[in-house]
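K.L.:
A structural model of the following input is requested.
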Amino acid sequence: MGGSSVVPFVKWAGGKRQLLPQIKERMPEKYNNYYEPFVGGGAVVFELLPANAFINDINKALINAYRQICRVPEAFFDAVKELDDEMAAKRAGDFGKKYYYSLREQYNDKLMRAEYDVELAALFVFINKHCFNGLYRVNGKGLFNVPYNNSYRVSADKENIMAVSRYLQNVTITDGDFEDACKNASNGDFIFLDSPYAPLNPSSFESYTKEGFDIESHERLARLYDELTKRGCYCMLTNHNTDLINERYGGKGYGIDVVSVKRMINSDASHRVGEEVIICNY
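P.N.:
Below is the predicted model of the structure:
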């Protein structure tokens with residue numbers, strides 16, 4: 001599939017849309033299968049639209065949205081439109097705020113009951129579009145707790161949802177650990193690794209363990225990168241330009257390029273320009 005007529009259906013923290021030019025110019029010229037173990041909002045896979053793709057994420061609610069859009073795009077879109085229409089119809093006072101929090105509660109109830117269905121996918125996308133900065137954050141009990149962003153914007157575009165669905169028909173979608181997601185990757189396959197960021201300040205690692213991506217996970221990922229390299233896979237990894245990352249991947253003959261990025265999520269504008277690394281083994 002040529003041409004990028006597909007865009008992500010959610011905004012995802014750490015999304016790679018602004019790094020796409022740098023990623024594309026470093027891609028291997030030819031590869032067999034495409035693997036993305038931390039797909040998130042899918043900025044890269046929807047830009048490249050590779051023919052044989054395997055996408056994965058540990059976030060079950062996110063992957064449920066991919067699956068519902070793949071299988072029943074019309075039903076998914078109708079469910080989201082119903083949520084949007086209800087919000088638009090009563091656009092007065094603080095209705096938007098009350099409505100958002102009531103849907104957030106409904107979403108959390110379904111999450112606790114593990115109801116991975118069309119309704120959960122619609123709530124997930126609506127909440128993503130109406131929460132602060134598109135952040136996905138849960139508390140200790142696993143409940144989504146990001147506040148309302150005061151917008152009445154529409155949550156989904158039908159044409160795009162249908163285009164996403166058409167593309168996903170031939171994609172393998174899984175929701176598990178990143179190592180399992182790569183277990184069948186072999187010689188000539190391309191693996192794009194956009195893992196959760198290493199914290200800029202090493203002492204702030206505590207805040208990362210909620211997502212389950214701690215120091216040990218970064219160690220495991222570095223070992224996987226070496227292992228995939230031995231299998232003859234093309235690997236590209238992106239992360240913050242930190243000592244932690246440079247120590248894990250430096251001195252092994254990998255190409256490490258430093259690129260400047262704007263950080264959208266940081267509330268302090270002076271900290272919004274940062275450096276990321278793109279690490280390639282080819």
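
K.L.:
Where do the strands of the stretch 101-250 of the chain begin and end?
P.N.:
172-174, 190-193, 234-240 (DSSP state E, counting those that start in this stretch).

K.L.:
export those to a markdown table and tack on mean neighbour count?
P.N.:
No exception for glycine: its C-beta is placed from N, CA and C like everyone else's. As requested, the strands of the stretch 101-250 of the chain are exported to a markdown table (neighbours: other C-beta atoms under 10 Å):
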| stretch | mean neighbour count |
| --- | --- |
| strand 172-174 | 16 |
| strand 190-193 | 23 |
| strand 234-240 | 22 |
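
K.L.:
could you dump these to CSV with distance to Tyr101 and mean pLDDT?
P.N.:
Shown next, in CSV, are the strands of the stretch 101-250 of the chain (distance: least, C-beta to C-beta, whole Å; pLDDT from 0 to 100):
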stretch, distance to Tyr101, mean pLDDT
strand 172-174, 30, 98
strand 190-193, 36, 98
strand 234-240, 33, 96
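
K.L.:
I'd like those as TSV, with distance to Asp85 appended.
P.N.:
Listed next are these as TSV, based on distance: least, C-beta to C-beta, whole Å:
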stretch	distance to Asp85
strand 172-174	29
strand 190-193	37
strand 234-240	38
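
K.L.:
Of all those strands, which one is nearest Gly140?
P.N.:
With C-beta to C-beta as the measure, strand 234-240 is the member of these nearest Gly140 (25.2 Å).

K.L.:
If we ignore the residues flanking it in sequence, what's nearest Gly142?
P.N.:
Leaving aside its sequence neighbours, Gly142 sits nearest to Leu111 (C-beta to C-beta, 6 or more residues apart in numbering; 7.0 Å).

K.L.:
So for Leu143, which of the strands of the stretch 101-250 of the chain sits nearest?
P.N.:
For the strands of the stretch 101-250 of the chain, the distance to Leu143 is smallest for strand 172-174, at 24.4 Å, taking C-beta to C-beta.

K.L.:
What lies in contact with that closest one?
P.N.:
With contacts defined as C-beta atoms under 8 Å, 6 or more residues apart in numbering, strand 172-174 is touched by 53-56, 63, 66-67, 70, 180-181.

K.L.:
what helix or strand does the residue sitting nearest the centre point of the chain sit in?
P.N.:
Nearest to the mean C-alpha position of the chain, by C-alpha atoms, centre = their mean, lies Gly40 at 1.0 Å. Assigned by DSSP states H and E, Gly40 falls within no helix or strand.

K.L.:
Appreciated, that's everything.
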